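Undergrad: coords please:
(2 chains)
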Number of protein chains: 2
Amino acid sequence: MPSEVRIIGLDGVGELRPGDDLVPVILNSLTVSGVSLERGDITVVTHKVVSKAEGRLLDLKDIEPSSFARQWAASYDKDPAQIEVVLREAKRIARMDRGIIIAETHHGFVCANAGVDASNVAGQDCVCLLPLDPDASARRIQEGLKREAGFDIPVIITDSFGRAWRNGVVNVAIGVAGLEPIVDYRGQDDPYGYQMSVTLMAVADELASAAELAMGKVDQRPVALVRGYAYQPGAGNGGQLVMPPERDLFR
Amino acid sequence: MPSEVRIIGLDGVGELRPGDDLVPVILNSLTVSGVSLERGDITVVTHKVVSKAEGRLLDLKDIEPSSFARQWAASYDKDPAQIEVVLREAKRIARMDRGIIIAETHHGFVCANAGVDASNVAGQDCVCLLPLDPDASARRIQEGLKREAGFDIPVIITDSFGRAWRNGVVNVAIGVAGLEPIVDYRGQDDPYGYQMSVTLMAVADELASAAELAMGKVDQRPVALVRGYAYQPGAGNGGQLVMPPERDLFR
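TA: Okay, here's the model as predicted:
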């Protein structure tokens, strides 16, 4: 029997507003899409709808940029208020060069602009920040879906990250609930005789990337189900996907 | 209508030997799996079977390590012959520290051990190298499948790469034929009002990661079909997924 994994991008999520509860929104999108939750399903949610529901938006008019933010923004034709927000969201700067800021967020993620996205909400120049605690956001959704379904539905919250040395961005997991984000195959042999010496697979990142394929360009479907993947249940979290500083050769 | 992408991991690929033609092997695995090629399918193949079929194996007994390889191997309890092969496969070393070598391959990929995998072929200590030209390998498979199917089937050849700052490895695309590996959404607005300012999506890498989910742990199914993803046909290649040196902040 060939193994099959299905990625189902859900319709009908609609516009989110600060204070909205994502659980009924996701349940409604399942109904609209004619899809029922099944045992083994994983829910993947783009962080933008999570951030929006959690009110993680800032109006750039309310931001007073520092002189450093002003100077850097002027050098690279950027919005100084937006640069100020990026610096505030950063715990550490990995690179700040040629108009690009690669920063470590307070969660520990290293990504462009410390995860700050430009957005335009109802005609206002806003920026959207990462959720304060993406694992907690994932757990809240997981608990809500479990109440409805009667069984556990792991949740992954995603963002699109650039990568060192590679072009383009890919979806990765920033929040995880209900599954082990890293699966350890060390010590096993594959059927072709290769020793699996370095095989901590970041399956939550692969699930996040897979989900993006059904979310459609520019996140037309911010919620997707992954069905048929034999995940490892567990109390994993998004922090497990961050390389510990003491093992990180690229800090 | 929800969008749906299916990832089908094929059975029956079996053991490859140097000189084998992968096209009949893949066609046979389709038959064994009871799956017919359909328009829109993408074939994803783990590089290990490609490398093996192309004879990209070295017996470590035949390798004379340099004194540098010997010294470094001794410091970190590694096989000096294997270190020698890694150095030969490297165009440039990004990091060589704490027993870990992150190197740029002659293709331009930055990855652990310059893509050299330990393997054990019929009791001999061998190493498996990346295909010499993964795009050419992908094109050969694409052409063979097209002859059989009567329509175009894009092909992606994958390897599992570590990432800076993140734990674990994920499948990425190292060879591409028949589709654009990067899709450009710049200038578009998403339905939630976010400006897509930085949205070169590395879809070939996301397809590679998605395929891994159906390949099973330790590559039990080294070939997978992706069905239902509206890829952009094109003459793209794996090199497009490599950050050009002049734009690379992490060289």
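Undergrad: Pass me the low-pLDDT residue ranges in the stretch 51-200 of chain A, would you?
TA: Along the stretch 51-200 of chain A, segments meeting pLDDT under 70 span A:119-123, A:187-198.
Undergrad: Please save the CA atoms from the longest helix along chain A in CSV.
TA: Looking across chain A with DSSP state H, the single longest helix is helix A:134-149. Extracted C-alpha coordinates of helix A:134-149, given in CSV (Å, rounded to 0.1, in the frame of the first residue of the first chain):
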residue,chain,number,x,y,z
PRO,A,134,2.9,30.8,19.8
ASP,A,135,3.0,27.6,21.8
ALA,A,136,0.3,28.9,24.1
SER,A,137,-1.7,30.0,21.1
ALA,A,138,-1.4,26.6,19.6
ARG,A,139,-2.4,24.9,22.8
ARG,A,140,-5.5,27.1,23.1
ILE,A,141,-6.6,26.1,19.6
GLN,A,142,-5.8,22.5,20.3
GLU,A,143,-7.9,22.5,23.5
GLY,A,144,-10.8,24.1,21.7
LEU,A,145,-10.7,21.7,18.8
LYS,A,146,-10.5,18.8,21.2
ARG,A,147,-13.6,19.9,23.0
GLU,A,148,-15.5,19.9,19.7
ALA,A,149,-14.0,16.8,18.1
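Undergrad: who's in contact with that helix?
TA: A:21-23, A:26-27, A:37, A:43, A:45, A:47, A:50, A:54, A:107, A:131, A:152-157, A:174-178, A:237-239 (CB atoms under 8 Å, 6 or more residues apart in numbering or on different chains). Any C-beta I mention is one placed from the backbone N, CA and C, and that applies to glycine too.
Undergrad: now, which of the residues you listed lie within helices?
TA: A:22, A:23, A:26, A:27, A:47, A:50.
Undergrad: What's the separation between the most centrally placed residue in chain A and residue A:211?
TA: Nearest to the geometric centre of chain A sits residue A:158, at 1.8 Å (CA atoms, centre = their mean). Residue A:158 sits 7 Å away from residue A:211, going by CB to CB, to the nearest Å.
Undergrad: now residue A:50
TA: Between residue A:50 and residue A:211 the computed distance is 14 Å (CB to CB).
Undergrad: so who does residue A:101 touch?
TA: By CB under 8 Å, 6+ apart, residue A:101 lies in contact with A:83, A:86, A:87, A:90, A:93, A:95, A:112, A:113, A:114.
Undergrad: Looking at those residues, which are in helices?
TA: A:83, A:86, A:87.
Undergrad: For chain B, state which of those is nearest.
TA: Chain B lies nearest to residue A:86 out of the ones in helices among the contacts of residue A:101, by CB to the nearest CB, at 12.8 Å.
Undergrad: thinking that closest one is in contact with residue A:102, fair?
TA: No. Here residue A:86 lies out of contact with residue A:102, judged by CB atoms under 8 Å, at a distance of 10.4 Å.
Undergrad: Can you pull the domain assignment for chain A?
TA: Domain ranges of chain A: A:6-55+A:131-234, A:57-128, per automatic domain parsing.
Undergrad: out of those, deepest packed?
TA: domain A:6-55+A:131-234 (a mean of 21; mean count of other CB atoms under 10 Å in any protein chain shown).
Undergrad: now the end-to-end length of it.
TA: 22 Å (CA to CA, to the nearest Å).
Undergrad: what's the distance between residue A:21 and residue A:37?
TA: Using CB to CB, residue A:21 is found at 17 Å from residue A:37.
Undergrad: where do the strands sit along the stretch 1-150 of chain A?
TA: Here the stretch 1-150 of chain A has its strands, by DSSP state E, counting those that start in this stretch, at A:3-9, A:42-46, A:57-59, A:90-97, A:100-105, A:110-112, A:117-121, A:124-128.
Undergrad: Same list (those strands) but as a markdown table, adding distance to residue B:169.
TA: Shown next, in a markdown table, are the strands of the stretch 1-150 of chain A (distance: least, CB to CB, whole Å):
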| stretch | distance to residue B:169 |
| --- | --- |
| strand A:3-9 | 18 |
| strand A:42-46 | 20 |
| strand A:57-59 | 35 |
| strand A:90-97 | 21 |
| strand A:100-105 | 21 |
| strand A:110-112 | 17 |
| strand A:117-121 | 27 |
| strand A:124-128 | 30 |
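Undergrad: out of the ones you listed, nearest to residue A:162?
TA: strand A:110-112 (5.3 Å; CB to CB).
Undergrad: starting at the chain centroid, how far to the closest one?
TA: 12 Å (CA atoms, centre = their mean, to the nearest Å).
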